[in-house]
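# Output the structure for:
(2 chains)
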Amino acid sequence: MTKSISRPRWTGYRIKIEPRLDQPPGWYPAAVSVGAIAFALILGGILIAIAGGDPFLSYAHIARASFGEIGVFSDTIVKATPIILAALACSVAFRMKLWNIGAEGQFIMGAFGASAIVLTPILPPETTPWLFIPVMAMAGMAAGAVWGFIPGYLKAKYNVNEIISTLMLNYIAIAWVNYWIFGVWTEGGFQMSAKFPETTWLPRLSDYASTIPILRGLTTHLGLLLGIVAAVALWFVVFRSRWGYEIRLIGDNPRAAQYAGINIARNTVLVMALSGALAGLGGMSEVTGVIHRLQTAPLAAGYGFTGIIVAWLAKLNPLVIILVSILFGALILAGREIQPSGVPKMIQGIILVSLIASDFLLRYRVRFVRDSADTDAEE
Amino acid sequence: MDFIIILQAGVASGTVLLFATLGEIFSERSGVLNLGVEGMMLIGAMTGFSVTIATGNPWIGVLVAMLFAGLISQIHAFIVITLQADQVVSGLALTFLGAGISVVLGEGLSKAGTVSLMPNFSIPLLSQIPALGPIFFKDQSVLVYVGYLMIPLAWYYINRTRGGLHLRAVGEYPAAADALGINVFRMRYLYVFVGGMLAGLGGAAISLAVSPGWFSELTTGGQGWIAVGLVIFAQWDPVRAAVGSYAFGALRRLILDIQGPTILFGLANPFYYNPYWGFFLQMIPYAFTIIVLVVGSREAMRKRLGAPAALGTPYIRGERGL
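This next block holds a predicted model:
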C-alpha cells in the first residue's frame, strides 16, 4: 500500500507519486478545482487559436458580456436558472451513483407538462397567476418525474443500464414535443405554439420597475427563486434527513446499505423520479419565465448536459451548484456570439475532463524529489 | 416500397453501428467502459470529411479519422487507467469533449459541398444470389465489405488466439493476468485505442459513405449511444453485435422510407397522409434500444451471463483485486 510509484529520471529530479494517507487541508480540494479550470481555459484558448479565433478576445468578451453591467448580469442569472435546476436533478441521482444523463429530456418533458395546462387548455387564460403558476409547476414536475420514473423502474426491476435508457428518452422527449408543436399546437404552421397569455408568465424584476425604478429592464424571473428554494430543500433532504442518509449510504457502499436493510430498488425509483421532477421544474421555469411558448430549439439547448458538468464541479453540493451555475450561465450567454460557435461546448468538455483528472491530486501526493540515493532508502 | 433496396441501405447504415459496437466490445473486454463512443464517432466523422476535402483522397481521410479518434480515446485511457478516475464520468466527459472539438474544428465544413467518397462496388457471383446477393453484395461501399471481414476476425481473435486470451484475462481477472506477466496497463491502453479507432472508422463511414457530409452534432444523432447499448445486447460477442447492428441499420432505413409511398401494404399510408405521425416513427430506434436492453438484461440474468468481471474498475497493483 505504501509503495510509491517512481518515474524514470528527469533532469536530476524524479516525480514521485504516493497515496495520500492524511486528510488534505480544507482549502486544498477547492484550489485543485480552480487550478483544473484555469488549466482548461488555457487549453481551450490554444484550441481556439488553432481553429482560427483569438482566445484573449474570446475570454474578454465572455467576461464583459456576462458580468459587465447589471443588465447583462441579470441575463446571466436568467441563463443560470435552468442550469441550477438541471444540476440539482443530476446531483441527487449522482449522489446514489445513478447516472441520470436524461435531465435534458426530463427538462423538455417538464416544459411540455407545464405548457399542456395552457395549450390544452386545462385552465382558461384568464385564470389568476396565483393559481396558474403553482398548477403549471406541479404539471412540469409531474411530467419530469414520469420521465425519470421510467428509467428508474427499468433499472430497479430489470437491471437496465440507466445511462443508455435516460439518453434514449432524451431523443424520445424531443420527438414527442415536436409532434405536439408541429401537429397539434402549431401557430400558423410555424415550429412553435401560440404565445402564452400573460397570466402564465413568471413575474420578472422589471415588472416592478414602476415602483422601484432601478429594476427597469431586468429580466431575472421567479424561476431563480424556485431554483434557490429547491437547492436549500435538497440540501436539507440530502444532508439532514433519514432518506438523504440512505441515499448517501447506497451511493458510497451499496453492500453495506443492503445489509442495513435499506431498500435499494425502491430508492432507485424514488430518486430517479425526484431527479426528473427537479429537471421538469427547470423546464417549466424556462418555458413560463423566458420563452413564453412551447418551442423545441430553445428548450433542447443542452441545459441538461451542462447540469451534469455543474453538478460534478460543485461536488454534488446543492448550495455550491447555485454559484457554479452562474459561471456556466455566463459562459453560455456570452458564448452565443463567439466564433466558432462550438466554443462554449468545447470549453465545457475540457473543464469536465480536467476536473476529473484533477481528482487524482486529492488521492495522491505528487512530489518532485532530488534524484539521489537517500530517497530510495525508505523503500 | 422495395424491401430489397431498404435492406441494402440498412446493411450500409448498420455498418456504422457495427464498427462502433465492435470497438466498444474490445475496450470493455479489457475492462474499460468507454462511454465516449458518440464523441469519438463525431471526431471521426469530422476528421474524415475535412481531411478528404483537404487531400481529395477518402482513404487518407478514413485513416486520419481512425488515428485522431484513437488519440482522443487515450485521454479517457489516461484518466481511468493511470489516474484511476470513475469510468462513467470520464466517458461522459469524452463525449462532451469530442462533440465540442468536432463542432469547433468542423466549423464551415457543412458548406463544403461534395467530396470524393469511399468507392462502391459489387462482388461478382455473390451478388447474383437471389435476395441475399443484392442486399449484401451489390453496389455497397468498400467499408461495408470491410465490416463483413471484421466480424469473423474479431470473433476469432477474441476467442481463439493468445492475444484474445490475454485480452479476456485482463478484463476478467487483472490481478491474475498481472501475475502471469501480462502488462495489464499496456493492454488496456491498447484496447481503448483500438476501440477509439473503430469508433472513428464508424464516424468516417457516416461522413464518407453512408450519409455523406458534415451536419455538426446531427451527423451521428445518438448512434454512439445506441452502439453502447448494443454491446450489452450482444453480450460482448462480435457475432451477436453484427446481428444487432444490421437489424438496427435496417430499422433506421425503414423509418426513413416508410413515409414516402401513398399506399402501404394495399392500404392508404397513414404516415403519408399524417406527416406529423413521422415523429412517432423517429422515436422507434431509441425506444427499441431500451426494449433491446430489457431483453438483453433479462437474458443475461437468466443465463447468469455478465459483463467482463473487472469492467468499470481500475486495476491498482498490490491492492486486493476481485
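# So what does A:L294 look like in phi/psi?
Dihedral angles of A:L294 (phi, psi; degrees, to the nearest 10) stand at phi -90, psi 120.
# which residues does it contact?
A:111-112, A:115, A:119, A:177, A:180-181, A:185, A:192-193, A:287 (CB atoms under 8 Å, 6 or more residues apart in numbering or on different chains). In this view, the C-beta of every residue, glycine as well, is placed from N, C-alpha and C.
# Name the surrounding residues that touch the helix or strand bottoming out on mean pLDDT in chain B.
Taking mean pLDDT, DSSP states H and E as the measure, strand B:263-264 is the helix or strand of chain B with the lowest mean score, a mean of 72. Residues from elsewhere that reach strand B:263-264 (CB under 8 Å, 6+ apart): B:1, B:258, B:269-272.
# per-residue confidence averaged over the helix or strand hosting B:T289?
Assigned by DSSP states H and E, B:T289 belongs to helix B:278-303. Averaging pLDDT along helix B:278-303 gives 86.
# which helices and strands does it pack with?
helix A:129-158, helix A:162-179, helix B:223-233, helix B:238-257 (3 or more CB pairs under 8 Å, 6 or more residues apart in numbering or on different chains; DSSP states H and E).
# where are the low-confidence patches of chain A?
A:1-14, A:338-341, A:371-379 (pLDDT under 70).
# tally of neighbours for A:G189?
A:G189 sits with 6 neighbouring residues when counted by other CB atoms under 10 Å in any protein chain shown.
# Just say helix, strand or coil for it.
Assigned by DSSP: H, G, I helix; E, B strand; the rest coil, the conformation of A:G189 is coil.
# before we move on, back to that, now, which of the contacts of strand B:263-264 lie within helices?
Per DSSP state H, helices hold the following members of the contacts of strand B:263-264: B:270-272.
# if we can go back for a sec, which two among the contacts of strand B:263-264 are spaced furthest apart?
Distance extremes for these: the farthest pair is B:M1 and B:P270 at 14.1 Å, using CB to CB.
# ok, residue 94 - contacts?
I went with chain A, as the question did not name one. Contacts of A:F94 (CB under 8 Å, 6+ apart): A:100, A:251, A:311-312, A:316.
# that's the other chain; I wanted chain B
Neighbour list for B:L94: A:353, B:34-36, B:39-40, B:72-73, B:75-76 [criterion: CB under 8 Å, 6+ apart].
# and the residues you listed as TSV, adding distance to B:V51 and secondary structure?
Below are the contacts of B:L94 laid out as TSV (distance: CB to CB, whole Å; DSSP: H, G, I helix; E, B strand; the rest coil):
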residue	distance to B:V51	secondary structure
A:V353	24	helix
B:N34	23	coil
B:L35	26	coil
B:G36	21	coil
B:G39	18	helix
B:M40	16	helix
B:I72	15	helix
B:S73	18	helix
B:I75	20	helix
B:H76	23	helix
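# Which positions in the stretch 51-200 of chain A make contact with chain B?
By the rule CB under 8 Å from any CB of the partner chain, the part of the stretch 51-200 of chain A lying against chain B is A:51, A:99, A:101, A:154, A:158-161, A:163-165, A:167-169, A:171-172, A:175-176, A:178-179, A:182-184.
# residues contacting the nearest residue to A:N178 once chain neighbours are set aside?
Distance criterion CB to CB, 6 or more residues apart in numbering or on different chains; nearest residue to A:N178, sequence neighbours excluded, is B:F279 at 5.0 Å. B:F279 sits next to A:175-176, A:178-179, A:182-183 when contact means CB under 8 Å, 6+ apart.
# before we move on, what about B:W236?
B:25, B:28-29, B:307-308.
# where's it relative to chain A, distance?
B:W236 sits 14 Å away from chain A, going by CB to the nearest CB, to the nearest Å.
# just to revisit the earlier point, may I ask which of the contacts of B:L94 has the most neighbours?
B:M40 (38 neighbours).
# That one: what's it in contact with?
B:M40 touches B:69, B:72-73, B:94, B:98, B:195-196, B:199-200, B:203, B:224, counting by CB under 8 Å, 6+ apart.
# and the nearest residue to it once chain neighbours are set aside, what element?
Leaving aside its sequence neighbours, B:M40 sits nearest to B:A199 (CB to CB, 6+ apart; 3.8 Å). Here B:A199 is covered by helix B:184-205, with elements defined by DSSP H and E.
# and that helix with helix B:223-233, angle?
130 degrees (axes from the mean of the first three to the mean of the last three CA atoms, to 10 degrees).
# and helix B:184-205, what does it pack onto?
Helices and strands touching helix B:184-205, as assessed by 3+ CB pairs under 8 Å, 6+ apart, comprise helix B:3-29, helix B:37-55, helix B:58-77, helix B:162-172, helix B:174-179, helix B:223-233.
# Report the mean per-residue pLDDT for the fifth one.
What it means is helix B:174-179. For helix B:174-179, the mean per-residue pLDDT is 92.
# centre of the chain versus it, how much separation?
Between the centre of helix B:174-179 and the centre of its chain there are 29 Å (CA atoms, centre = their mean, to the nearest Å).
# go on, the longest one?
Offset of helix B:3-29 from its chain centre (CA atoms, centre = their mean): 6 Å.
# got it, and the last one?
Computed by CA atoms, centre = their mean, the separation of helix B:223-233 from the middle of its chain amounts to 8 Å.
# could you dump it to PDB, C-alpha only?
Presented in PDB, the C-alpha positions along helix B:223-233 are these (Å, rounded to 0.1, in the frame of the first residue of the first chain):
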ATOM      1  CA  GLN B 223     -25.700   6.300 -32.800                       C
ATOM      2  CA  GLY B 224     -22.700   6.100 -30.500                       C
ATOM      3  CA  TRP B 225     -25.100   5.600 -27.600                       C
ATOM      4  CA  ILE B 226     -27.000   3.000 -29.500                       C
ATOM      5  CA  ALA B 227     -23.700   1.200 -30.000                       C
ATOM      6  CA  VAL B 228     -23.000   1.200 -26.300                       C
ATOM      7  CA  GLY B 229     -26.500  -0.300 -25.700                       C
ATOM      8  CA  LEU B 230     -25.900  -2.900 -28.500                       C
ATOM      9  CA  VAL B 231     -22.700  -4.100 -26.700                       C
ATOM     10  CA  ILE B 232     -24.900  -5.100 -23.700                       C
ATOM     11  CA  PHE B 233     -27.500  -6.800 -26.000                       C
END
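# Identify the residues contacting that helix?
Residues outside helix B:223-233 that contact it (CB under 8 Å, 6+ apart) are A:161, A:163-164, A:167-168, B:16-17, B:20-21, B:24-25, B:28, B:35-42, B:95, B:199, B:202, B:206, B:240-241, B:244-245, B:248, B:285-286, B:289, B:292-293, B:295-297, B:300, B:307.
# what's the angle from that helix to helix A:162-179?
130 degrees.
# what angle sits between helix B:223-233 and helix B:37-55?
Calculated by the same axes, to 10 degrees, helix B:223-233 forms an angle of 130 degrees with helix B:37-55.
# Would you check that A:A137 makes contact with A:M284?
Yes. A:A137 lies in contact with A:M284 (CB atoms under 8 Å); the separation is 5.5 Å.
# got any residues that touch both of the two?
Common neighbours of A:A137 and A:M284 (CB under 8 Å, 6+ apart) are A:A114.
# Now do the contacts for the most centrally placed residue in chain A.
For chain A, A:G307 is the residue whose C-alpha lies nearest the centre (CA atoms, centre = their mean; 1.3 Å). A:G307 makes contact with A:83, A:85-90, A:103, A:279, according to CB under 8 Å, 6+ apart.
# Quick check: closest non-adjacent residue to it.
On the basis of CB to CB, 6+ apart, the spatially nearest residue to A:G307 that is not a chain neighbour turns out to be A:A86, at 3.0 Å.
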